[in-house]
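>>> need a structure here:
(2 chains)
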Amino acid sequence: MSADSAVAGDPVAEPDTRLAVVLRGITKRYPGVIANQNVNISVRRGHVHAIVGENGAGKSTLMKTLYGMHKPDEGDIEIDGAPVHFSSPSDAIKAGIGMVHQHFMLADNLTVLENIVLGAEPTHGGGVLDRRAARRKITEISDAYGLGIKPDVLVERLGVGDRQRVEICKVLYRGAKILILDEPTAVLVPQEVDELFGNLRDLKAEGLTVLFISHKLDEVLAVADEITVIRRGTTVATVDPKQTTARKLAELMVGSELPVPELRESTVTDVVQLDVSGLTVADIDGRKLLDDVRFRIRKGEIVGIGGVEGNGQAELVEAILGLRAAVAGQLRLGEQDITHWSTRKRREAGIAYIPEDRHRQGLLLEAPLWENRILGHQTEKPNARGPLIDIGAAKRDTQRIVDAYDVRTPGIDVTAASLSGGNQQKLIVGREMSGNPVVLIASHPTRGVDVGAQAAIWDHLRAARAGGLAVLLISADLDELIGMSDTLRVILRGKLVAEMDPKTVTPAELGAAMTGATASVEDGGAA
Amino acid sequence: MKDRVNRLLLGLLAAVVALAFSAGVTSIVLEITDHNPIDTFQQMWDFATKADQIAVIINQATTYYLSAIAVAIGFRMNLFNIGVDGQYQLAAIVAAAFGGEVGLPMGLHQIAIIVVAMLVGSMWAGLVGVLKATRGVSEVISTIMMNAVATAIIAYLIKPGHLGHLHGENLTTEPIGHSGQVGGLDLVPDAHVKIYGLVFLAVAVGIGFQLLISRTRFGFDLRATGRSASAAQASGVNIKKMIIVAMLLSGAVAGLVNMPVLLGEAHNYSLSTPSGIGFTGIAIALLGRNNPLGIVFASLLWAFLDTSSNILQLSDIPQSVVLITEGVVVLSAVVAYELVRRYGLRLQQRRVGRELAAPEAGAEALGVSA
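Down below sits the predicted model:
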């Protein structure tokens, strides 16, 4: 913790460095977990203040608190030196806070102007939209901050970067002086990121304050004036980007007590369990999301796929599971050609799946744990007996999983929603390891889980690998990827572009390959 | 276990609160229009508890029950089958005409009529399922449109020379002969009105629905799809197939709606065959929380309100005051159920959190110090 320098400037300072936002002792508890605990952040006016932390560290929870989407259990918020209590986002908007969400909230079939004024329309009186007044104000904002807004274009015709600028303009239109940007670069290509950073500098120059949420350290270092690190729900340090490095930030983010992902002796056999050849997936417009992907996983082998999110990982997983149709290519499971099999048949044949988004694909949140045990294994023993569900056997087996995988729960009749993320994930891992799987698709298996669960999940992966399981591991955590893989491939724009030796590769090298810095075979950022 | 009891009690409480609330609103309306609410309710209760009226209520509820189950099958997987109305009416006219035209031995005749009704209902609903599965057409829109189409087809079919015959002012299909009828039962003591024999069909449908939903793999897939389509799909459920099958099932049950009346009392389809029961079914399914037992009580309540309102004419109280009661009870029940659902979930989350807090905190401390 060497970078634990000066926990954000002293509150009593000269007027031009007055604090725009002060969060003091913020604690927010969710059932079973503490999402934020004693968070302290001071943001200076006219600064870009970055908040970094791992997925699930509590960044979004904190921003929701600041934006009035829920009330903190403890702690105070001050805006421009005055204490505030928000009971809804509209209170926060009145106090000059605006939020640009990660997923844009725009109506495609309306024009930019209509989207911006929606909900805050200037009228002639009698409810008639005053387009002239709206256009004047939007043009002023656009010119002042260099947003380049074209008010009369339909939103559906805009690209991602333009949409983001419309979102920014929308919050400025409502009088925001403090902007919260939640993972704004997640959906942008590199040039768009540069443009966004240019916009942020303009905003800053005009005296606006920006809170920038991210887990991409290089970007944070490039744009922020000050960086606060959140780990496991609490602020651990506030640092000056000029005096720190990405490596130091990463250490602060993950802490030192993190278990080490590593594999011991090789268990890789000669038997190919999953053979993917020439797999090609296209979207409706015919754009290739996966292009001629080929790789093999042998029994007892973990193949890691590294890549910046959105480069085809999700499509790869869905194509292997049969959730998404391939336009070309072949899939073989052991000796069988499974290319045209249904998802159910593939799962019955022993393809286990730990999904990236467990709430969307892995669980029925409002169903009891034992029903979640059945999910994905509806047709298999012990859950089914002929066309019937064997409730008794399913419940007994759920109890076995709860015991064997250390799922912390008072019983198997509680809903999945009442467990913490780590325990939900352990239940999923236990379920997927049951019934003798031959291939495991593990998509971000430790995302958003606590350290203890992470270590346990790695143990289970290692044990399954030793038992001859073929594992496809997809992860955004480079250390996990390098430490837990026998073979490492890099995916970029839907193609497998590089193969690396996990024994020798460094996270920096892997990261470079992921962004295409070393693998320059491609058509270069034409996106 | 404790959670389940808690949730059941909460659910009951919500229903009672909704009922009390709607009674309150109705009272206010009565008060405003210069009628005595207590007196009005008393009259309704006294009338509806007469032996004959009890039998009428049970018969009415039988029809409502089938309609509500048809709707509930769709609801369980987030499909809004607004088209039960068209499905049952089309099924009724075709089945009635079929039953009137063919001569089959007793037993076989009734079964054949019922099967025809289920096939017609299921075909009409299945079209909607196919449209949704293949073309992504919202079933809300298409079922409503199919209702209109069904009405037009029925108007065509009932014409003399097609399936209809003119009897005085009324157009009817050929009456079903004795071999195709289902006799009534004297289940209510002292009543002159008989209970439809097919009340047992409704009971069987209810039990079958419950078994299908809770005990079969198919039912599990159906519920999983309703709770989370994405999770169900990842678990191997073919969503498109599920949509079509669920609509077929829902339509088949919808086809049964008019059967108790057709085989037990009317013996033909005519211009006076009741319409609109498909929409009543939606309200009852909502009130009964898509649960076969809940729907029993909801249909009985509905039938009670409908029947007892007949007495109000005698005291010059507008019968439509009951519509207010019915409307408010559904609206407030839906709101109350949602509140209870959220509250129950939070209650459980908090309890789980509390029960785990002590050991978890210990483990966490260990982890940090390690």
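>>> so which residue of the stretch 101-250 of chain B comes closest to chain A?
Closest residue of the stretch 101-250 of chain B to chain A, Cβ to the nearest Cβ: B:G236 (3.2 Å). In this view, the C-beta of every residue, glycine as well, is placed from N, C-alpha and C.
>>> my guess is that residue contacts A:I374. True?
No. Under the criterion of Cβ atoms under 8 Å, B:G236 makes no contact with A:I374, lying 11.4 Å away.
>>> so the residue of the stretch 101-250 of chain B closest to chain A sits in a strand?
No. Counting by DSSP: H, G, I helix; E, B strand; the rest coil, B:G236 is not part of a strand but coil.
>>> what helix or strand does the residue nearest to it when sequence neighbours are not counted sit in?
Nearest non-adjacent residue to B:G236, counting by Cβ to Cβ, 6 or more residues apart in numbering or on different chains: A:R344, 3.2 Å away. Using DSSP states H and E, the element containing A:R344 is helix A:343-348.
>>> just the CA trace of that helix, in PDB.
C-alpha atoms of helix A:343-348 as PDB (Å, rounded to 0.1, in the frame of the first residue of the first chain):
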ATOM      1  CA  THR A 343     -28.600 -27.000 -26.900                       C
ATOM      2  CA  ARG A 344     -30.300 -29.700 -24.800                       C
ATOM      3  CA  LYS A 345     -28.700 -32.500 -26.600                       C
ATOM      4  CA  ARG A 346     -25.300 -30.900 -26.200                       C
ATOM      5  CA  ARG A 347     -25.800 -30.400 -22.500                       C
ATOM      6  CA  GLU A 348     -27.000 -34.000 -22.100                       C
END
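>>> any idea which helix or strand comes after that helix?
By DSSP H and E, the next helix or strand past helix A:343-348 is strand A:351-354.
>>> isn't B:V130 right up against B:I244?
Yes. At 6.0 Å, B:V130 and B:I244 qualify as touching, with contact defined as Cβ under 8 Å.
>>> ok, these two, which is more surrounded?
B:I244 (21 against 17; other Cβ atoms under 10 Å in any protein chain shown).
>>> ok, and the closest non-adjacent residue to the more buried one?
Per Cβ to Cβ, 6+ apart, closest to B:I244 is B:G129, 3.9 Å.
>>> make sure the one you found is indeed in a helix.
Yes. Assessed by three-state DSSP, B:G129 belongs to a helix.
>>> and it, how far from B:F279?
20 Å (Cβ to Cβ, to the nearest Å).
>>> more crowded one of these two?
B:G129 (27 against 15).
>>> which residues does the more buried one contact?
B:E139, B:I243, B:I244, B:V245, B:A246, B:M247, B:L248 (Cβ atoms under 8 Å, 6 or more residues apart in numbering or on different chains).
>>> OK, contacts around the residue most central in space within chain B?
The centroid of chain B falls nearest to B:A68 when counting by Cα atoms, centre = their mean (0.7 Å). Contact partners of B:A68, counting by Cβ under 8 Å, 6+ apart, are B:T280, B:G281, B:I282, B:I284, B:A285, B:G288, B:I295, B:A298, B:S299.
>>> do the same with A:R24
Per Cβ under 8 Å, 6+ apart, neighbours of A:R24: A:N40, A:G75, A:D76, A:I77, A:E78.
>>> that one should be in a strand, yeah?
Yes. Per three-state DSSP, A:R24 lies within a strand segment.
>>> excluding chain neighbours, what is closest to it?
A:D76 (4.8 Å).
>>> spit out the contact partners of that neighbour.
A:V22, A:L23, A:R24, A:G25, A:I26, A:P83.
>>> got the phi and psi for A:I77?
The phi/psi pair for A:I77 (degrees, to the nearest 10) reads phi -120, psi 130.
>>> before we move on, the earlier item: narrow the contacts of B:A68 to those in helices?
Judged by DSSP state H, the contacts of B:A68 include B:T280, B:G281, B:I282, B:I284, B:A285, B:I295, B:A298, B:S299 as members of helices.
>>> just those now: which is nearest chain A?
Nearest to chain A out of the ones in helices among the contacts of B:A68 is B:A285 (Cβ to the nearest Cβ; 18.8 Å).
>>> check what pLDDT that closest one gets.
What the model reports as pLDDT for B:A285 is 95.
>>> swap in A:R298?
pLDDT for A:R298: 92.
>>> you'd agree it is up against A:Q273?
Yes. A:R298 is in contact with A:Q273 according to Cβ under 8 Å; the separation is 6.1 Å.
>>> overlap in contacts of these two?
With Cβ under 8 Å, 6+ apart as the test, A:R298 and A:Q273 both reach A:A470.
>>> could you dump the ones in helices among the contacts of B:A68 to JSON lines with neighbour count?
Converted to JSON lines, the ones in helices among the contacts of B:A68 look like this (neighbours: other Cβ atoms under 10 Å in any protein chain shown):
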{"residue": "B:T280", "neighbour count": "24"}
{"residue": "B:G281", "neighbour count": "32"}
{"residue": "B:I282", "neighbour count": "22"}
{"residue": "B:I284", "neighbour count": "30"}
{"residue": "B:A285", "neighbour count": "30"}
{"residue": "B:I295", "neighbour count": "29"}
{"residue": "B:A298", "neighbour count": "27"}
{"residue": "B:S299", "neighbour count": "29"}
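>>> tally of neighbours for residue 355?
Since no chain was named, I'll use chain A. 25.
>>> ah, I was thinking of chain B
Going by other Cβ under 10 Å, the residues that sit close to B:E355 add up to 17.
>>> wait, what's in contact with it?
A:P410.
>>> that one: helix or strand, and which one exactly?
With DSSP H and E as criterion, B:E355 is part of helix B:321-369.
>>> quick one: that helix to chain centroid distance?
Computed by Cα atoms, centre = their mean, to the nearest Å, the chain-centroid distance of helix B:321-369 equals 27 Å.
>>> and if you look at stretch A:476-490?
Worked out by Cα atoms, centre = their mean, stretch A:476-490 lies 18 Å from the chain centre.
>>> give me the contact list for it.
A:55, A:260-263, A:266, A:268, A:295, A:301-307, A:309, A:444, A:446-447, A:458, A:461-462, A:473, A:475, A:496-502, A:505, A:507, A:510-511, A:513-514, A:519.
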